[in-house]
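K.L.:
can you look at this prediction? I've put the sequence above it.
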There are 4 protein chains.
Amino acid sequence: MKVFEIQGGFGFDYLSAAERPRPEPGHGEVLLRMKAASINFRDILMVRGHYNPRQPLPLIPLSDGVGEVVAVGEGVSRVEVGDRVATVFCQRWRSGVPDKAKLRSTLGGPLDGTLAEYMVLWEGGVVKVPEHLSDIEAATLPCAALTAWSALVTEGDIGAGDTVLVQGTGGVSLFALQFAQALGARVIVTSSSAAKLETAHKLGSWQEINYVDDPKWAKTVKEMTDGVGVDHVVEVGGAGTLQQSLSAVRIGGQISLIGVLAGSSIELNILPILMHRIRVQGILVGSREGFETMNRGIAQHEIRPVVDRVFPFEEAREAFVYMAGGRHMGKICISFD
Amino acid sequence: MKVFEIQGGFGFDYLSAAERPRPEPGHGEVLLRMKAASINFRDILMVRGHYNPRQPLPLIPLSDGVGEVVAVGEGVSRVEVGDRVATVFCQRWRSGVPDKAKLRSTLGGPLDGTLAEYMVLWEGGVVKVPEHLSDIEAATLPCAALTAWSALVTEGDIGAGDTVLVQGTGGVSLFALQFAQALGARVIVTSSSAAKLETAHKLGSWQEINYVDDPKWAKTVKEMTDGVGVDHVVEVGGAGTLQQSLSAVRIGGQISLIGVLAGSSIELNILPILMHRIRVQGILVGSREGFETMNRGIAQHEIRPVVDRVFPFEEAREAFVYMAGGRHMGKICISFD
Amino acid sequence: MKVFEIQGGFGFDYLSAAERPRPEPGHGEVLLRMKAASINFRDILMVRGHYNPRQPLPLIPLSDGVGEVVAVGEGVSRVEVGDRVATVFCQRWRSGVPDKAKLRSTLGGPLDGTLAEYMVLWEGGVVKVPEHLSDIEAATLPCAALTAWSALVTEGDIGAGDTVLVQGTGGVSLFALQFAQALGARVIVTSSSAAKLETAHKLGSWQEINYVDDPKWAKTVKEMTDGVGVDHVVEVGGAGTLQQSLSAVRIGGQISLIGVLAGSSIELNILPILMHRIRVQGILVGSREGFETMNRGIAQHEIRPVVDRVFPFEEAREAFVYMAGGRHMGKICISFD
Amino acid sequence: MKVFEIQGGFGFDYLSAAERPRPEPGHGEVLLRMKAASINFRDILMVRGHYNPRQPLPLIPLSDGVGEVVAVGEGVSRVEVGDRVATVFCQRWRSGVPDKAKLRSTLGGPLDGTLAEYMVLWEGGVVKVPEHLSDIEAATLPCAALTAWSALVTEGDIGAGDTVLVQGTGGVSLFALQFAQALGARVIVTSSSAAKLETAHKLGSWQEINYVDDPKWAKTVKEMTDGVGVDHVVEVGGAGTLQQSLSAVRIGGQISLIGVLAGSSIELNILPILMHRIRVQGILVGSREGFETMNRGIAQHEIRPVVDRVFPFEEAREAFVYMAGGRHMGKICISFD
């Protein structure tokens, strides 16, 4: 079977097509014929060797994908041949709080990922996907959507009438925008691009802030919320934005720390956390149970992921390069058909 | 009646005895004859002008006290003449999440505090205290005990078998040690003083760490917990300790940010929050409902606060100076009898 | 001012117009000029003397209403003259769990109710209403809507993808249908009327069951849910339906016991509660905090209450008679204009 | 290996010793050499054919036991040879809410149980036991202790200062008494035996009621709690006691329905559930996660189960007969040594 793998070193140049024997499902395992995959920022870091420089190679990258079950091993009961399933990012994290061993069972590194024509996974490492979604759409869910869901629902308890600040228009942020709205919350979106803000508005955001024009956006957020601040911040900027987020959130509010796009080391004044009783909650994708709950929500609210562009399998490297360029809005996917 | 007030400027030199007319309770108000008070670190900051340099003067300091209800205004139904009650730090915060207005209704600044022979409060601004406590002991509860309770119980959900790291042996920390134990948790205490660690051990701590001898204490905490880390950190050091606390807490664990004794600005690597799904929860004392719940717990578990030293009312200034010296272990109180 | 009161005995014949002096707001109180009111089944029981035969008379009936604040007493800060507010059913229940005293502070008995041109209430006994609602619509919220909200949200934690069984098409049931849908749940409605089921379907129900044609409806519910059962039952029938509800709910599901329209004494087999780990949760309207949270949800989801018919104030008695007839679908209201 | 099995029919006469081949652990399975077992009321019903008359025979009875891991199959990682583990009653219920399939995976029927010298279980169907307990003591935990824990902690949220009513002095009730106390709650115990009440008092109960002398015990409970009622009732009587429990619990309180010793069909007035916002929560033992959490609690609070009597393996039938006699107080166990 054909795969893409990182081989011989890190960097996009070392990502290339290769041939591997088609795997066979063992006890409790399933064989998937892959239909679609999607790329996350983590995958870019992984290929470049920035996520884990000690990752053994070769490695098949990507954690997110959708496939059809084409064979099952002995003792399999959760799925059947013919089911359409998505991969679970963290294979062994079923529910609740994970431990170290579970957090290491992630696809696309250290475990081989979804950029392969076939893959074998533990039967508990896949979930059925909502029927109204195409294969491409469903392939966007495992990381980006689940991260947004974990922040707002599993760990966030967002409710009708709340106000949520979503930073940017990346994959997680757009899902956060869509979920928050479906749950009855108002969403403020920040971006540096007028065009992206316009698209966010079409997707239903309540207010938009261009942080280039308005670098003190936390102040604007406060004004938009009658001086109170937002209930929840979906924080993807990290070092570059956390201090302002601490100003933009209301007393007793929550900042879900999801990404550190703008760095992970920061000179921070932590006094507001204490004085305003703020909760800073780290979010790391989520459990399979969360994935299944989210899928029910996506189905019932008929939410459709925003897909920016689809690349054929053969052009997988181009997809990485395009993603790294940062001009996209929504998910970048790969089709196996 | 006699009071102490900050008058003419900030600093211990400006804290002096004064005479004020005895107040009368209005509609919905109660008059307390004060029996005991206690000092918190916040009070030291307040007298020195470091808490709020724009605080109007004169101000009667201290938020914590116990008094006897000696008169009630019209419409009072929560308490009766003869009741022994403690003051509620944040007078208008009844339950749930506070707002800005509630957070400004605090005693000992901006509102006049407990260092007075009599005081008038809204009937909802006092709570009855556990019977097994002396007046002195009960006067230690409003801030220090409630802060520890809010961290571990209201916002922390500590349970039997959990492991809690308590930094130091100040007022909040000792209450956290006592509460955590009563709830069935194991407690690790850090301190720079061998004598204080010995006392902590007598109070029931499971492990003690002298952070002067062992500056990389987070590593030791990891070893004590079989590489897992603690479930909860009661963080009082702030900038000086938060980075190590992020290493000492387990995946999915909580750091209750309570104090910033070692500074509020910090060069912080926030990546562990994200990668280990850590919750950093700011704690700001707590609500009246939390106070009442805590009192039932203190009564049932027959917990007795640790009192370091009691000063007579006339020597209140000496009490502040002694507290500022930092040699105490447990609460410093003032007796009106 | 004009009022209606129960005077001289119980029964609709004893409900008549009367004149009372317009009240003045005291300390912490507000004066409302009433705009609209609505009737609940409890009010019918009250007038007939079935709710509390020892209720002292005269009594102004009805708990639900909307008015304009036209004067405020000393010390009022929560509302201002000109605000449009609804009455809180249980005047003293602010949040959390109520006690006996709070449960006795209900309007329309034992306290005088909303069927009066003016009324004076404690400032904490009113809440502002969503702007998109007319006075008539807003007057339907205090009991029926809040009961449905408490069942599904405050005590029920309904989420996207859940299935909810709603019995009948009375006031609470229609709100339950609308709220459940907004929260992303699928709703099964039961009724004895084909016409009402059709209306329910137009309001968005997923499945409808006519329990006259299908007296073993629990079996049908099981089939509709692939043998699993529903997540939540909004139980208004009481003795007449509870046994079947215990069959219709899934393992670990919840039955919110809201009404006992078909009797309160029942020969019940309680084994399913135990064997299927079912929660039977009594619901009694809800707190002011719940009311405020619900209003944010109603505003954000732009939910509009279903109003069956509006009677002018002068014909209030006819409204009661019409309600007792049981042919309505949605709320019966009274207009003061 | 030697086992006891129900063979040829139901009733104690059909419980007899037999010989079976020693099983071998397959993929993901472990082999236990049993050290101790304990009997629950469910086991009596099972042997008598009252629990499930269609249960296929032969069946090895008993769900509760402790054994040493003496061999492990391929792919086992949760336990090692030499570990001392208890059996999980519901083998496939890991955490959260169970489904029908999980509820059928129970030991001692339909699956073979612990009354055998050796048994093979899925590795996820055992948990390590607290070190301070003897084998006999640890064998009492799987059903009785976990049921009490689920009622008070997992589903009950009991806290310090709460008051809990425990009916009788059976296995679940005594664990409930011990857990409630450890959590800081006050316990009222009811029994028909003065001797048992005295023993309960020695175990730490706060108040005792002999319901033979005081058949209107709910009224007494109300008086003991200043007219308020208890926060939580551990209901084991079912039909015989539920109505009084509804009177004995406070507004907003919980009744955990655990047993139906006095029947499952009842003429019940359900109005108090509604009017007092009571929660009736069915409890069915609990999940493996609950078991592990409970074990941490038992270890930390150093709780020791109350064992009434230990029978040698050969006299297992006598143990059933003794249990059915109902004179015991605490658990009846079987030793394999």
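P.N.:
Nice, I can see it. Computed from a prediction, not measured in an experiment: that's the story for all the values here.
K.L.:
surely residue A:124 meets residue A:94?
P.N.:
Yes. Using C-beta atoms under 8 Å, residue A:124 is in contact with residue A:94, at 6.8 Å. Using the backbone N, CA and C atoms, a C-beta is placed for each residue, glycine as well.
K.L.:
list residues touching both of these two?
P.N.:
residue A:288 (C-beta atoms under 8 Å, 6 or more residues apart in numbering or on different chains).
K.L.:
what about residue A:51, distance to residue A:144?
P.N.:
To residue A:144, residue A:51 is 16 Å away according to C-beta to C-beta, to the nearest Å.
K.L.:
more neighbours, the two?
P.N.:
residue A:144 (27 against 16; other C-beta atoms under 10 Å in any protein chain shown).
K.L.:
against residue A:176, how distant is the more buried one?
P.N.:
9 Å.
K.L.:
repeat for residue A:42
P.N.:
Distance from residue A:42 to residue A:176, by C-beta to C-beta: 17 Å.
K.L.:
so what's whichever residue of chain A sits closest to chain D up against?
P.N.:
Nearest residue of chain A to chain D: residue A:27, at 5.0 Å (C-beta to the nearest C-beta). Neighbouring residues of residue A:27 by C-beta under 8 Å, 6+ apart: A:73, A:74, A:75, D:27, D:28, D:75.
K.L.:
only the buried subset of these, as a PyMOL command please.
P.N.:
Buried residues among the contacts of residue A:27 (16 or more other C-beta atoms under 10 Å in any protein chain shown), as a PyMOL selection:
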select buried, (chain A and resi 73) or (chain D and resi 28)
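K.L.:
may I see the contacts of residue A:27 organised as TSV, with pLDDT added?
P.N.:
Shown next, in TSV, are those (pLDDT from 0 to 100):
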residue	pLDDT
A:73	94
A:74	91
A:75	86
D:27	90
D:28	91
D:75	86
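K.L.:
distance to residue C:131 and secondary structure for the contacts of residue A:27 - can I get that in CSV?
P.N.:
Listed next are the contacts of residue A:27 as CSV, based on distance: C-beta to C-beta, whole Å; DSSP: H, G, I helix; E, B strand; the rest coil:
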residue, distance to residue C:131, secondary structure
A:73, 59, coil
A:74, 62, coil
A:75, 59, coil
D:27, 63, coil
D:28, 60, coil
D:75, 61, coil
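K.L.:
make a markdown table out of the contacts of residue A:27 and add distance to residue C:236.
P.N.:
Shown next, in a markdown table, are these (distance: C-beta to C-beta, whole Å):
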| residue | distance to residue C:236 |
| --- | --- |
| A:73 | 50 |
| A:74 | 50 |
| A:75 | 46 |
| D:27 | 51 |
| D:28 | 48 |
| D:75 | 52 |
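K.L.:
helices of chain A, start to end?
P.N.:
A:41-48, A:100-103, A:135-138, A:146-149, A:171-182, A:194-203, A:217-224, A:242-248, A:271-275, A:288-301, A:316-325 (DSSP state H).
K.L.:
tell me how far the nearest residue to residue A:229 once chain neighbours are set aside lies from residue C:264.
P.N.:
Spatial nearest neighbour of residue A:229, chain neighbours left out: residue A:250 (3.6 Å); criterion: C-beta to C-beta, 6 or more residues apart in numbering or on different chains. According to C-beta to C-beta, residue A:250 stands 44 Å off from residue C:264.
K.L.:
more crowded one of those two?
P.N.:
For residue A:250 versus residue C:264, neighbours defined as other C-beta under 10 Å are more numerous around residue A:250 (24 against 17).
K.L.:
right, and the more buried one touches residue A:224 too?
P.N.:
No. With contacts counted by C-beta under 8 Å, residue A:250 stays clear of residue A:224, the gap being 12.0 Å.
K.L.:
tell me the contacts of the spatially most central residue of chain A?
P.N.:
Nearest residue to the geometric centre of chain A (C-alpha atoms, centre = their mean): residue A:144, 1.5 Å. Taking C-beta under 8 Å, 6+ apart, we find residue A:144 in contact with A:38, A:40, A:64, A:170, A:171, A:172, A:175, A:331.
K.L.:
for those, work out which two are farthest apart.
P.N.:
A:64 and A:170 (14.2 Å; C-beta to C-beta).
K.L.:
quick one, which of those two is more surrounded?
P.N.:
Between residue A:64 and residue A:170, residue A:64 has the larger neighbour count (other C-beta under 10 Å), namely 32 against 24.
K.L.:
what's in contact with stretch A:319-329?
P.N.:
Counting by C-beta under 8 Å, 6+ apart, A:12, A:15, A:39, A:41, A:43-44, A:47, A:169, A:174, A:196, A:199, A:306, A:308-309, A:311, A:332-334 sit against stretch A:319-329.
K.L.:
list the buried residues for that stretch?
P.N.:
For stretch A:319-329, by 16+ other C-beta under 10 Å, it's A:319, A:320, A:322, A:323, A:328, A:329.
K.L.:
ditto for stretch A:38-54
P.N.:
Buried, per 16+ other C-beta under 10 Å, within stretch A:38-54: A:38, A:39, A:40, A:41, A:42, A:43, A:44, A:46, A:47, A:48, A:49, A:51.
K.L.:
what does it contact?
P.N.:
A:6, A:9-12, A:14-15, A:55, A:59, A:61-65, A:108-110, A:113, A:139-140, A:142-144, A:170-171, A:259, A:261, A:319-320, A:323-324, A:331-334.
K.L.:
mark which of those are buried, thanks.
P.N.:
A:6, A:10, A:14-15, A:59, A:61-65, A:108-109, A:113, A:139-140, A:142-144, A:170-171, A:259, A:261, A:319-320, A:323, A:331-334.
K.L.:
next, see if stretch A:285-294 gets close to chain C.
P.N.:
Yes. Counting by C-beta under 8 Å from any C-beta of the partner chain, chain C has neighbours in stretch A:285-294: residue A:293.
K.L.:
now that stretch: how far from the chain's centre is it?
P.N.:
Relative to its parent chain, stretch A:285-294 has a centroid offset of 12 Å by C-alpha atoms, centre = their mean, to the nearest Å.
K.L.:
touching chain B at all, it?
P.N.:
No. Stretch A:285-294 lies apart from chain B when judged by C-beta under 8 Å from any C-beta; the minimum separation is 9.3 Å.
K.L.:
which residues touch that stretch?
P.N.:
Contacts of stretch A:285-294 (C-beta under 8 Å, 6+ apart): A:86, A:88-90, A:93-96, A:98, A:124-125, A:127, A:141-143, A:145-147, A:149-150, A:153-154, C:159-161, D:96.
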